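1. no FASTA, just this:
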């Protein structure tokens, strides 16, 4: 089967450390070198909302009269670059950091923003539990406000609905919907245009992931702007296409497994060529088939 890597080197670097455990084993000097050329850029979305890109998960930003709030914060070596870009938007001292889940490409700068910029970190309870169970994660990186189902934040004249999805990418996923500008940050419940990473060792599974995406699609409309966990700014149509890809490939692999095909046999058969462009450096076709087969 064909594969068509669609990620830049910066994004690929992000996934070398897809969890705090992996990231924490990287030599600090090497990490600094690895991120030395990464440029953090801001894109205005709607209302108070902006998106920052660099290496790792897309960062959502609310910037206005009340100050700055951010959703996720990428890797520790990028913290000062992120802060500098936030300064351009109004303040390099975010009042709040919301973590969409526990992976290191979304939480790596937690300690910096809490210790050096005074930010309060919020996340689902399972995010704190998973970070706290990693002895290499500093205590100042832990969320100090946690929730079970969600929380509302009134900030910069907008209502932010922070919502937990029970099962999906991990067991601690949250999304943030900015009500008035109608912008949703999905965290890693959306990899725009590519096979998703589903952390099956941290409570994630394929069917739960699809259920969570269906719930989110029911909450948005054709005017909603979506900030995915990874990939370009998107919309409901593209999010629906993403769900269709997961559903169709899962049904295909599940049928083969039920027919007695082994994982290696399914890998050898591959997926339909129409899914070739969804393959990328971190989750290529073989890895996606393995994910699907595990839960089929």
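-> Cool, got the structure. Keep in mind that this is a model prediction, so the values were computed, not measured.

2. how about the strands of the stretch 151-296 of the chain, start to end?
-> 158-165, 173-178, 183-191, 225-230 (DSSP state E, counting those that start in this stretch).

3. Among the ones you listed, show me which one is buried the most.
-> Stretch with highest mean neighbour count among the strands of the stretch 151-296 of the chain: strand 183-191 (a mean of 28; mean count of other CB atoms under 10 Å). The way it works is simple: take the backbone N, C-alpha and C, and place the C-beta from them, glycine included.

4. For it, name the packing helices and strands.
-> strand 173-178, helix 206-219, strand 225-230, helix 236-258 (3 or more CB pairs under 8 Å, 6 or more residues apart in numbering; DSSP states H and E).

5. Could you dump those into a markdown table with mean pLDDT added?
-> Converted to a markdown table, those look like this (pLDDT from 0 to 100):
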| stretch | mean pLDDT |
| --- | --- |
| strand 173-178 | 98 |
| helix 206-219 | 98 |
| strand 225-230 | 98 |
| helix 236-258 | 98 |
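
6. which one of these lies closest to residue 86?
-> strand 225-230 (15.8 Å; CB to CB).

7. gap between the closest one and the chain center?
-> Using CA atoms, centre = their mean, to the nearest Å, the distance from the centre of strand 225-230 to the centre of the chain it belongs to is 8 Å.

8. One more: stretch 55-62?
-> For stretch 55-62, the separation from the chain centroid amounts to 9 Å (computed by CA atoms, centre = their mean).

9. how long is it end to end?
-> As for stretch 55-62, its first-to-last residue distance stands at 20 Å under the measure CA to CA, to the nearest Å.

10. wait, isn't residue 267 in contact with residue 289?
-> Yes: taking contacts as CB atoms under 8 Å, residue 267 lies within contact range of residue 289: 5.4 Å.

11. Which one's more surrounded, those two?
-> Ranked by neighbour count (other CB atoms under 10 Å), residue 267 and residue 289 place residue 289 first, with 25 against 18.

12. which ones are touching that one?
-> Residues counted as contacts of residue 289 (CB atoms under 8 Å, 6 or more residues apart in numbering) are 253, 263, 266, 267, 270, 271.
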